[in-house]
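S.K.: Provided below are the primary sequence and the corresponding predicted coordinates.
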Amino acid sequence: MKKINLIVVLGPTASGKTSLAVALARKVNGEIISADSRQIYRGMDIGTGKDIDEYGNVPYHLIDICQAGYKYNLYEYLRDFKIAYNDILKRGKMPILCGGTGLYIESVLNGLELPHVPINNELRKSLETKTLEELTSILSSMKTLHNNTDVDTAKRAIRAIEIQTYYNKHPQEAISVVPNPINDALIIGVDIDRDNRRNRITKRLLSRLEEGMIDEVKNLISSGIDPNDLIYYGLEYKYVTMYLLGQISYDNMLSELEIAIHQFAKRQMTWFRGMEKRRGFSINWIPWNLDKDIFVEKVINLMDCDE
C-alpha cells in the first residue's frame, strides 16, 4: 500500500474546509499549505476569509506572501508550493493542502511545472484598448478555453494571451519540463449540499460586511493600490471597489456580489467534479457538518487504508 505524503482538503467556498483541515493538522502533526489564489495577498483579510485565528498553533504557508496589487500567477504558486511542501516533509510533518482554487490543486497533483513567462509590454499595449469580448475571441483562437478563469477580466485575458503567445514562440521551453505527479496524495472533499452552501454564503457575506470589509477595501485604495488591481481580484474586491468608486449602489453591490459568489461556488464544484469524472482523480467526499473529531477520524481511517 502507498504511503501518504500529502493530504488535500478541498471544497467550495463557505464549506468550512479550513477549520476541518486545521483540526486534522493537529491530529496528524501537519502543516497547512493554502490553495487559495487570493489569501496570498497582505491586507486582503476579511474579503478572502483568512481567519488566521483559526490556525492557532498550526503552522501555515502561502498566506500573506505578496503585497496586494501584485499579479501572482500559477508559475509562482507551483514554485512556492514545492518549497513549502519539501520543507514540511523534510521536518517529518504532514503537508495538508487546503483550499478551493481548483487550478492550483490540480496542477500540484499533476506535478505541473511551467516556464517563467516574462512581461511583454509591447503586446500589452497593443491589447489594452480591446474589449473583454475581443480579448476572449483572440485567446480562444490560440487555445481551447476549458473554463472562464482566464477571461474573468480584461487584465486576466491579456495575461493569458501573453502567456500563450510566449508558449507559441518558445514551444520547446513550454514542454521542456516533464511533469512529476504526486501519486501519494489522499484527496478529501468537503461535501456540502447546494442549499446549505447558499445559506452559508449569504450569511458569511453579511457577516463580512459587518466586520468591516468595505473599510478594508477603502484602506487598500488609500494605501496607493490601483482600484483596477482590486477589481482584477474579483468577487468581494471587485464589487466593493466598484461601490466605492460610485459605479454601483450599495444595494446593487450586495445583490450582484451575492450572485457572483454563488456562481463562483458552482464553478468550483464543476471543477472538482471534472477532476473526478473526466480527469481520473479519486476524491473522498465527507459531509461538511460532521463533528470535527468524526471528520478527522474518517480521514485517518482512509489514511490507514492507503498505507
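M.R.: Noted; the coordinates are in hand.
S.K.: now do the strands in this protein.
M.R.: 6-10, 30-35, 41-42, 60-61, 66-67, 94-99, 185-191, 283-287 (DSSP state E).
S.K.: those: which one's closest to Thr131?
M.R.: Nearest to Thr131 among those is strand 41-42; the distance by Cβ to Cβ comes to 27.2 Å. Just so you know, the C-beta spots here come from the backbone N, C-alpha and C atoms, and that holds for glycine as well.
S.K.: below-threshold pLDDT in this structure: ranges please.
M.R.: 1-2, 146-149, 152, 172-178, 306-307 (pLDDT under 70).
S.K.: so where do the helices sit in it?
M.R.: Applying DSSP state H to the chain gives helices spanning 17-28, 74-90, 102-109, 121-127, 132-142, 154-169, 171-174, 194-211, 213-222, 227-233, 235-244, 250-277, 292-306.
S.K.: who touches the fifth one?
M.R.: When contacts are taken as Cβ atoms under 8 Å, 6 or more residues apart in numbering, the neighbours of helix 132-142 outside the stretch itself are 127, 130, 145, 150-151, 153-154, 157-158, 160-161, 164-165, 168.
S.K.: quick check, distance from it to the centre of its chain.
M.R.: Its chain's average C-alpha position is 24 Å from that of helix 132-142, according to Cα atoms, centre = their mean, to the nearest Å.
S.K.: what's the angle between it and helix 154-169?
M.R.: Interaxial angle of helix 132-142 relative to helix 154-169 (axes from the mean of the first three to the mean of the last three Cα atoms, to 10 degrees): 20 degrees.
S.K.: report the buried residues of helix 132-142.
M.R.: For helix 132-142, burial by neighbour count (16 or more other Cβ atoms under 10 Å) applies to Leu135, Thr136, Ile138, Leu139.
S.K.: max pairwise distance over these: which two?
M.R.: Thr136 and Ile138 (7.3 Å).
S.K.: how many residues are close by Asp36?
M.R.: When neighbours are defined as other Cβ atoms under 10 Å, Asp36 has 19 of them.
S.K.: in the sheet, who's paired with the nearest residue to it once chain neighbours are set aside?
M.R.: Counting by Cβ to Cβ, 6 or more residues apart in numbering, Asp36 lies nearest to Gly99, which is 4.3 Å off, once chain neighbours are set aside. Beta bridges link Gly99 to Leu10, Ala35 when assigned by DSSP bridges.
S.K.: my read: Gly99 touches Thr13, true?
M.R.: No: between Gly99 and Thr13 there is no contact under Cβ atoms under 8 Å: 9.9 Å.
S.K.: which residues touch Ile63?
M.R.: Counting by Cβ under 8 Å, 6+ apart, Ile63 touches Ser34, Asp36, Gln39, Ile40, Lys50, Ile52.
S.K.: Throw these into a markdown table and include distance to Asn5, thanks.
M.R.: Formatted as a markdown table, the contacts of Ile63 follow (distance: Cβ to Cβ, whole Å):
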| residue | distance to Asn5 |
| --- | --- |
| Ser34 | 18 |
| Asp36 | 22 |
| Gln39 | 23 |
| Ile40 | 23 |
| Lys50 | 26 |
| Ile52 | 26 |
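S.K.: out of those residues, who's nearest Asp184?
M.R.: Ser34 (20.6 Å).
S.K.: burial count for the closest one?
M.R.: Residues near Ser34, counting by other Cβ under 10 Å, number 26.
S.K.: please report how far it lies from Tyr77.
M.R.: 10 Å (Cβ to Cβ, to the nearest Å).
S.K.: intersection of neighbour lists for the two?
M.R.: In contact with both Ser34 and Tyr77: Ile40, Leu62, using Cβ under 8 Å, 6+ apart.
S.K.: for His116, give me its contacts.
M.R.: For His116, the contacting residues are Tyr75, by Cβ under 8 Å, 6+ apart.
S.K.: circling back: out of the contacts of helix 132-142, who's the most crowded?
M.R.: For these, the largest neighbour count, defined by other Cβ under 10 Å, is 25 neighbours, found at Ile161.
S.K.: quick check: the nearest residue to that residue once chain neighbours are set aside vs Tyr77, distance?
M.R.: Nearest residue to Ile161 in three dimensions, chain neighbours excluded: Leu139, at 5.3 Å (Cβ to Cβ, 6+ apart). Separation of Leu139 from Tyr77 (Cβ to Cβ): 21 Å.
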